[in-house]
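A.B. asks: coords below, sequence missing:
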């Protein structure tokens, strides 16, 4: 089994069974997105930039045996792979990936955040968090729910970004955008942005995120490319909401043609989609080939990513990295 198939199988399962020596120092927990409120996750790496993130579930058919000191073996389908558990600086390895507001007024059907008692972190608190890991990170990434309004959240995130400028690290931001969000982030020196279409089609977007605007996200993505440059703008597209492979190929092609790198995110069944299946390993591998071809044709390379998901790659099969 090669690395790409191994990773696809882990993403299909969504979780691993953790055994062996205590590994608390390698377990992280999410405050945003579908994994918010879960029992935690870890990162397994075989080196050369190859890593996969998985939840922890005693019932998983995939085992990670921690031999101590981060050294670990992953057992899957009768094969054993030797690697390491990577410690997360904040949420993921080599980044301070911070959720500003852990609550949201919107109710996207795949997201647990609106049902959780999340809070907003203070600006000085966030600065302190980054300072605490500054010696082991290469970037800062900021995401957020929407605590009271899109406009108010943007204003607060701008305060956070301004306060983090002194660290002289690339900053990536992923929030729900308003019309002026890209220009305001760029004016503060943000290196990359990620505004998420989430669904492969407008109809699915309206079904999954009924209070948000598909056209608004597209407008922000297109204006961002002019400001940040092709390949510095990203958009998550969830795999498993009910779309076809053709739908995904079309939206990936549209994004790439606009200079945006699509990030294919396997569905984590949660909230009102808790009964949905995860996408199969075979589907993820099939989509990887289309994703790779579309990015190459557009001259876009996720290996150049400085921040956020395309720099981490733990949750997705990433062309150029997962080879």
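C.D. replies: Now that the structure is in, tell me what you want to look at. Just so it is clear, the model here is predicted, and its values are computed rather than measured.
A.B. asks: how about the helices of the protein, start to end?
C.D. replies: For the chain, the helices defined by DSSP state H occupy 3-13, 123-133, 150-164, 181-187, 202-208, 214-228, 245-257, 281-298, 308-312.
A.B. asks: which stretch among those comes nearest residue 93?
C.D. replies: helix 308-312 (6.9 Å; CB to CB). In this view, the C-beta of every residue, glycine as well, is placed from N, C-alpha and C.
A.B. asks: close enough to count as contact, residue 221 and residue 258?
C.D. replies: Yes. With contact defined as CB atoms under 8 Å, residue 221 counts as touching residue 258 (6.5 Å).
A.B. asks: hang on, the earlier thing: pipe the helices of the chain into TSV and attach distance to residue 264, mean pLDDT and mean neighbour count per row.
C.D. replies: What follows is the helices of the chain, written out as TSV (distance: least, CB to CB, whole Å; pLDDT from 0 to 100; neighbours: other CB atoms under 10 Å):
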stretch	distance to residue 264	mean pLDDT	mean neighbour count
helix 3-13	10	97	21
helix 123-133	28	98	15
helix 150-164	25	98	18
helix 181-187	23	98	19
helix 202-208	14	98	16
helix 214-228	16	98	18
helix 245-257	7	98	18
helix 281-298	6	98	17
helix 308-312	10	97	26
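A.B. asks: mind giving me a markdown table with those helices and columns for distance to residue 139?
C.D. replies: Below are those laid out as a markdown table (distance: least, CB to CB, whole Å):
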| stretch | distance to residue 139 |
| --- | --- |
| helix 3-13 | 22 |
| helix 123-133 | 10 |
| helix 150-164 | 11 |
| helix 181-187 | 15 |
| helix 202-208 | 28 |
| helix 214-228 | 15 |
| helix 245-257 | 22 |
| helix 281-298 | 21 |
| helix 308-312 | 6 |
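A.B. asks: nearest to residue 101, of these?
C.D. replies: When the helices of the chain are compared (using CB to CB), the closest one is helix 150-164, at 6.3 Å.
A.B. asks: helices or strands next to the closest one in the packing?
C.D. replies: Judged by 3 or more CB pairs under 8 Å, 6 or more residues apart in numbering; DSSP states H and E, the packing partners of helix 150-164 are helix 123-133, strand 139-143, strand 171-174, helix 181-187.
A.B. asks: Show me how far the second one is from its chain's centre.
C.D. replies: Taking CA atoms, centre = their mean, to the nearest Å, the mean C-alpha location of strand 139-143 is offset from the chain mean by 11 Å.
A.B. asks: Next: the shortest one.
C.D. replies: When distances are taken as CA atoms, centre = their mean, strand 171-174 is centred 11 Å away from the chain's centroid.
A.B. asks: So that it lines up with my notes, have the first residue be 8 from now on.
C.D. replies: That works, and once the first residue is 8, the last one we named lands at strand 178-181.
A.B. asks: and the helices and strands packed on helix 157-171 as TSV, adding distance to residue 202?
C.D. replies: Shown next, in TSV, are these (distance: least, CB to CB, whole Å):
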stretch	distance to residue 202
helix 130-140	21
strand 146-150	11
strand 178-181	7
helix 188-194	8
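A.B. asks: Quick one, which of the ones you listed gets closest to residue 68.
C.D. replies: Of the helices and strands packed on helix 157-171, nearest to residue 68 by CB to CB is strand 146-150, at 31.2 Å.
A.B. asks: Can you list the buried residues in the closest one?
C.D. replies: 146-150 (16 or more other CB atoms under 10 Å).
A.B. asks: again, but for stretch 89-109
C.D. replies: 90-109.
A.B. asks: For the closest residue to residue 97 other than its chain neighbours, which residues are in contact?
C.D. replies: Nearest residue to residue 97 in three dimensions, chain neighbours excluded: residue 103, at 4.2 Å (CB to CB, 6 or more residues apart in numbering). Contact analysis of residue 103 by CB atoms under 8 Å, 6 or more residues apart in numbering lists 96-97, 136-137, 140-141, 144, 146-148.
A.B. asks: so residue 103 bridges to which residues?
C.D. replies: Beta bridges link residue 103 to residue 97, residue 147 when assigned by DSSP bridges.
A.B. asks: How much space separates it from residue 56?
C.D. replies: 19 Å (CB to CB, to the nearest Å).
A.B. asks: Repeat that for residue 129.
C.D. replies: The value you get for residue 129 to residue 56, if CB to CB is used, is 34 Å.
A.B. asks: same question, residue 72
C.D. replies: 23 Å.
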